[in-house]
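Asker: Next comes the sequence, and after it the predicted model I'd like to discuss.
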Amino acid sequence: MSARLATSCDLERPELWSLKGEGNANWVFSYAGTSPNLVGKVLRVRKPKPPPEPEHLALEDAVWGPVLGNRAAADGSDSAADRERAYVQLLLAPLLGPQHIPLQQQVYPSLKFLQRLLHCSGCLWSLPDGKVGVAGVAAPLPAVLMPDVTLLPASSPSGTSGSVAEGAAGPVVCIELKPKCGFINTCSTVHPANRGLKHSRSRYQLHQLLKLEEGSIDACSTYDPCDLFSGEPGRLRAALAALLEQPQNNLRLFLGGQSQQLPQRPQTCAETGAAGEPAGEQQVPQHAAPQQVAQQQEQQQNRPQQQPQEREQARAGAALEALLVGLLPQPYGQRRGALVELLAAVLEVEGVLPRLLQAQQQCPYDVEGVYQLYCSLAGVTGTLSSASTCSTAAEGLDDASDTDAATDADAGSHVAALQQLLALPLHKAYAVLRSYVVAATAKDCAIMITLQRLTGAAAPAATAAAGADGSLHSSNDGTSPQHLSRHGPLGCIYSSAAGAWYAYQLALVDLDQKALAKIVKHSELDAAILVAARRHLAAHHDDG
Ligand SMILES: O=P(O)(O)O[C@@H]1[C@@H](OP(=O)(O)O)[C@H](OP(=O)(O)O)[C@H](O)[C@H](OP(=O)(O)O)[C@H]1OP(=O)(O)O
Ligand SMILES: Nc1ncnc2c1ncn2[C@@H]1O[C@H](COP(=O)(O)OP(=O)(O)OP(=O)(O)O)[C@@H](O)[C@H]1O
């Protein structure tokens, strides 16, 4: 069975594709056949979703039409795919750097192909009535082909392909980071009653408390995106160490393109402090050397008379160390620290975090203000106006700590800021909504860092290649590691912490344009997070 394509290549049989990854909105399949057009590619298929309400579509058109073109093209076809492509090319690529965005090729799998593909892979999806069923799609779904970024392209400096190269290099390891929002929004449209919480802790740390309450995580993470994006070497490394300890859905590891099970280090919210203190202050001292990180982890593992929780931690650490054996030449116990250093070096040399942060900061307003604006533009009834949002968000306030005390001046500035936002001329209001969507994409995308150790003849070859184009850049400490030449999407780096050369690639995935209607969900989630955080604080206060 072959798929109908807009391009010259064929997707071949559905059985040659297997589910590689899945999020809320997409399935991602990897290819196991031999067609040169498809080897090293993934097929990303959009999950079916209920059609949007007409008033939402009208607002989408009004907001995006002037920038991305209209949804309905002049020839009557639906140009949603073109608009999505234009969204990435025109709005995201200039902010994030086009070199980090994998090329996507629109394909049109036939309905029969899709049905078979989803059936063979046992794909499940949520039905509108809340039930979960095996996906039985009734209409073709949007799909793209793109490089499998958990592998390196065949043209790496060592001449290696995606898997283990003949005697020249170690296995390909990909670390996927979903860093989430890296700053605290202190704008005046945040209700004064919510500022105490929102201005003092990252949204990620607050969301951990809701996830814990709902049971979707067993323990709060010490990871704090504000550390990752801080621009401070020590905090960056502490954030990466925290992600490796408690990956949740923020870190994944692929070995030879295969997703690996990463154990979570058990940890309680009490252990991290009320509502989670920043990882940089809890886990590893700021500016800690990688050896310190590794030492601290080793000490934790070697403590006498281990409690069950400590045994779990040691087990989690051992599993990770074992996965890293081919990537890092360090002895057991030192690989996690070396990985932290290697990832930090790649992130620093590529400069992707400041750019991502800039994209996340495109919208000057918090969701509280944007929600009001959305409601007024979408013609949503007055019941969704400020009174409703704020009372929801302030629920449980009696139990809260006194950090939420609002002054008259705060209240005045809040009202004025909201009035100003709601009085914007239409074209500026639309621009605010566009900036909100761009920021939302940047807060939810993933950074894929793919690495392969170069050994034997491959390392000198990489050095020679670097010398050939003369591009030698030092990392921000001015000494090591060094970032050498770039071959297309591939870079080459020497890590002094690992004592080895690496071919690497950094790609940004999941750059989807979020629907404006999601603003309502974001607002509800915002309110739920605040309620959970207040409950947690109140309980913590009572305990004390
Ligand atoms: O709202 P958040 O922060 O919970 O983010 C959602 C993510 O949850 P997280 O908190 O990272 O576990 C959520 O992640 P999971 O699929 O749950 O791993 C999705 O990324 C969701 O985006 P979309 O619906 O697929 O477009 C994300 O929704 P958007 O906020 O990007 O709309
Ligand atoms: N180009 C790619 N190469 C390899 N793996 C990929 C690629 N794109 C996505 N994946 C894998 O598939 C997973 C799901 O893909 P993606 O993030 O695009 O789905 P999503 O539904 O948009 O996710 P979310 O729910 O986080 O918004 C990713 O987390 C990643 O592990």
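Answerer: Nice, thanks for sending it over. Ligands and ions are numbered 1, 2, ... in the order given.
Asker: So for stretch 373-383, mean pLDDT?
Answerer: For stretch 373-383, mean pLDDT rounds to 75.
Asker: Spell out which parts of the stretch 1-150 of the chain neighbour ligand 2.
Answerer: 20-26, 28, 42, 44, 102, 146-150 (C-beta under 6 Å from any ligand atom). Heads up, the C-betas are built off the backbone N, CA and C, glycines and all.
Asker: Pull up the gap between the one residue sitting closest to the centre of the chain and ligand 2, please.
Answerer: What sits nearest the mean C-alpha location of the chain, by C-alpha atoms, centre = their mean, is residue 178, with 2.4 Å. Distance check for residue 178 against ligand 2: by C-beta to the nearest ligand atom, to the nearest Å, it reads 7 Å.
Asker: For that residue, give me its contacts.
Answerer: Contact analysis of residue 178 by C-beta atoms under 8 Å, 6 or more residues apart in numbering lists 249-251, 444-447.
Asker: buried subset of those residues?
Answerer: Buried by 16 or more other C-beta atoms under 10 Å: 250-251, 444-447, out of these.
Asker: before we move on, the earlier item: and the contacts of residue 178 as TSV, adding secondary structure and pLDDT?
Answerer: Formatted as TSV, the contacts of residue 178 follow (DSSP: H, G, I helix; E, B strand; the rest coil; pLDDT from 0 to 100):
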residue	secondary structure	pLDDT
249	coil	96
250	coil	98
251	strand	98
444	helix	98
445	coil	98
446	strand	98
447	strand	98
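Asker: Confirm that residue 45 sits in a strand.
Answerer: Yes: assessed with DSSP: H, G, I helix; E, B strand; the rest coil, residue 45 lies in a strand.
Asker: how many neighbours does it have?
Answerer: 25 (other C-beta atoms under 10 Å).
Asker: One more: the one 5 residues further on?
Answerer: Neighbouring residues of residue 50 were enumerated by other C-beta under 10 Å; the total is 7.
Asker: Name the SS class of it, please.
Answerer: Assigned by three-state DSSP, the conformation of residue 50 is coil.
Asker: residue boundaries of the strands in the stretch 301-450 of the chain?
Answerer: 446-454 (DSSP state E, counting those that start in this stretch).
Asker: can you list the domains in the chain?
Answerer: 14-147, 169-178+218-359+445-509, 362-442+514-543 (automatic domain parsing).
Asker: mean pLDDT for those domains: which is lowest?
Answerer: Taking the mean pLDDT of these, domain 169-178+218-359+445-509 comes last: a mean of 77.
Asker: first vs last residue of it, how far apart are they?
Answerer: 26 Å (C-alpha to C-alpha, to the nearest Å).
Asker: quick revisit: nearest to residue 198, out of the domains of the chain?
Answerer: domain 362-442+514-543 (7.3 Å; C-beta to C-beta).
Asker: and ligand 1, which of the residues of the stretch 1-150 of the chain next to ligand 2 reach it?
Answerer: Of the residues in these, proximity to ligand 1 by C-beta under 6 Å from any ligand atom holds for 23-25.
Asker: Which helix or strand contains residue 491?
Answerer: Per DSSP states H and E: residue 491 is located in strand 490-495.
Asker: mind pulling up the phi and psi values for residue 362?
Answerer: phi -60, psi -40 (degrees, to the nearest 10).
Asker: Report the contact partners of it.
Answerer: Residue 362 neighbours (C-beta under 8 Å, 6+ apart): 95, 435-436, 438-439, 442.
Asker: Looking at those residues, which one is closest to residue 33?
Answerer: When the contacts of residue 362 are compared against residue 33 (criterion: C-beta to C-beta), the nearest one is residue 442, at 34.6 Å.
Asker: For the nearest residue to that closest one once chain neighbours are set aside, give its distance to residue 443.
Answerer: Once flanking residues are discounted, residue 442 sits nearest to residue 359: 3.6 Å by C-beta to C-beta, 6 or more residues apart in numbering. Residue 359 sits 9 Å away from residue 443, going by C-beta to C-beta, to the nearest Å.
Asker: Quick one: the helices in the stretch 51-200 of the chain, in order.
Answerer: 54-68, 80-86, 93-96, 111-120, 192-200 (DSSP state H, counting those that start in this stretch).
Asker: which residues touch the one helix or strand residue 28 maps to?
Answerer: Following DSSP H and E, one finds residue 28 within strand 26-31. Where contact means C-beta under 8 Å, 6+ apart, the residues beyond strand 26-31 that reach it are 12, 16-22, 38-47, 117-118, 121, 123, 148, 257, 510, 512.
Asker: Quick one, which of those residues are buried?
Answerer: 12, 16-17, 19-21, 38, 40-47, 117-118, 121, 123, 148, 257, 510, 512.
Asker: Between strand 446-454 and the helix or strand harbouring residue 20, find me the angle.
Answerer: For residue 20, the host element (DSSP H and E) is strand 17-22. Counting by axes from the mean of the first three to the mean of the last three C-alpha atoms, to 10 degrees, strand 17-22 points 110 degrees away from the direction of strand 446-454.
Asker: Strand 17-22 relative to helix 111-120, how many degrees between them?
Answerer: Going by the same axes, to 10 degrees, strand 17-22 makes 70 degrees with helix 111-120.
Asker: quick one: strand 17-22 to chain centroid distance?
Answerer: Remark: strand 17-22 is offset 18 Å from the chain centroid, using C-alpha atoms, centre = their mean, to the nearest Å.
Asker: before we move on, what about stretch 422-442?
Answerer: The answer for stretch 422-442 is 22 Å, by C-alpha atoms, centre = their mean.
Asker: still on that earlier bit, find residues that contact each of residue 359 and residue 443.
Answerer: Joint contacts of residue 359 and residue 443 (C-beta under 8 Å, 6+ apart) do not exist.
Asker: more neighbours, those two?
Answerer: Neighbour comparison, residue 359 and residue 443: the larger count goes to residue 359, with 23 against 20 (by other C-beta under 10 Å).
Asker: Isn't the more buried one up against residue 438?
Answerer: Yes: between residue 359 and residue 438 a contact is recorded at 6.3 Å, counting by C-beta atoms under 8 Å.
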